[in-house]
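# this one's structure only:
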């Protein structure tokens, strides 16, 4: 886990409006991040417009910028399964064509499509079941997308098979990852009582990152397409209980930092 990911994870997990350098220094100390390294990463995150600084008197505070808030919201979204009970069998389609001279733009669009759980059905044509809660058009409303892409809503020209969906979204591979994460959580639960507050905080951030990365792979598809033993929601529930325990155990460490 990169230092910048640890810093971002801490800021997102604690849900504070802003953080002083001293607070972040103490919060990142369990991960071996030095003050020089912290300053370097905060500077890079500022240049990438993930965070920004605000001054209160002579003290500078760090908080999420618009981009950082968007990333944090997307992470939170992974923990709230979509409801497909009234799915009308419509799909999103995205048609896009980017000239070879603009390969970086093509890469960015593909990365964004993947982040929003689209898959490539044909060259230049990506699909996803349509669920209004995802607000796809709003999330893709920017100059680059509008220049190179066309969104369509459609009813698939034939019933797409469960097997085809499984292949496109690699459901068996993803489910295997969920099973492995569940096994890891079960083992970790047995040692929870041995952790002091600082160790519990460290575990919260590191394990949180691991589970978040796993749940990002959940395509959140209608139930009719999922394997019988689909483990995504079980992983969410187990992880939620595990985090509650870690939050309780790490509370003295965190409260002491913000009390100063």
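Now that the structure is in, tell me what you want to look at. Predicted model, so just to flag it, every value in this text is computed and none were measured.
# please make it C-alpha for all contacts and neighbour counts, starting now.
OK.
# can you give me the strands in the chain?
Here the chain has its strands, by DSSP state E, at 19-20, 51-56, 59-64, 90-96, 119-122, 125-129, 149-155.
# show me what counts as buried in the second one.
By 16 or more other Cα atoms under 10 Å, the buried positions in strand 51-56 come out as 51, 52, 53.
# can you tell me how far the second one is from residue 152?
Summarising the geometry, the distance separating residue 52 from residue 152, computed by Cα to Cα, to the nearest Å, is 36 Å.
# related to what we said a few turns ago, can you tell me which of the strands of the chain comes nearest to residue 172?
strand 119-122 (15.5 Å; Cα to Cα).
# picking that back up, just so I know, which of the strands of the chain lies nearest residue 229?
strand 125-129 (20.9 Å).
# name the nearest of the buried residues of strand 51-56 relative to residue 199.
Using Cα to Cα, those come closest to residue 199 at residue 51, 26.4 Å.
# isn't that closest one right up against residue 45?
Yes - look at residue 51 against residue 45 with Cα atoms under 8 Å: they come within range, at 5.9 Å.
# low-confidence ranges, the stretch 51-200 of the chain, go.
77-78 (pLDDT under 70).
# where exactly do the helices run in it?
Along the stretch 51-200 of the chain, the segments classed as helices by DSSP state H, counting those that start in this stretch run 66-77, 103-115, 136-139, 143-148, 162-169, 171-190, 197-215.
# can you give me the offset of the longest one from its chain's centre?
Here the centre of helix 171-190 is set off from its chain's centre by 18 Å, with Cα atoms, centre = their mean, to the nearest Å.
# any chance of the helices of the stretch 51-200 of the chain in CSV, plus mean neighbour count and distance to residue 6?
Shown next, in CSV, are those (neighbours: other Cα atoms under 10 Å; distance: least, Cα to Cα, whole Å):
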stretch, mean neighbour count, distance to residue 6
helix 66-77, 15, 13
helix 103-115, 15, 20
helix 136-139, 11, 25
helix 143-148, 13, 30
helix 162-169, 14, 29
helix 171-190, 16, 20
helix 197-215, 19, 7
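# closest one to residue 31 among these?
Between residue 31 and the helices of the stretch 51-200 of the chain, the tightest spacing by Cα to Cα is seen for helix 197-215, at 7.0 Å.
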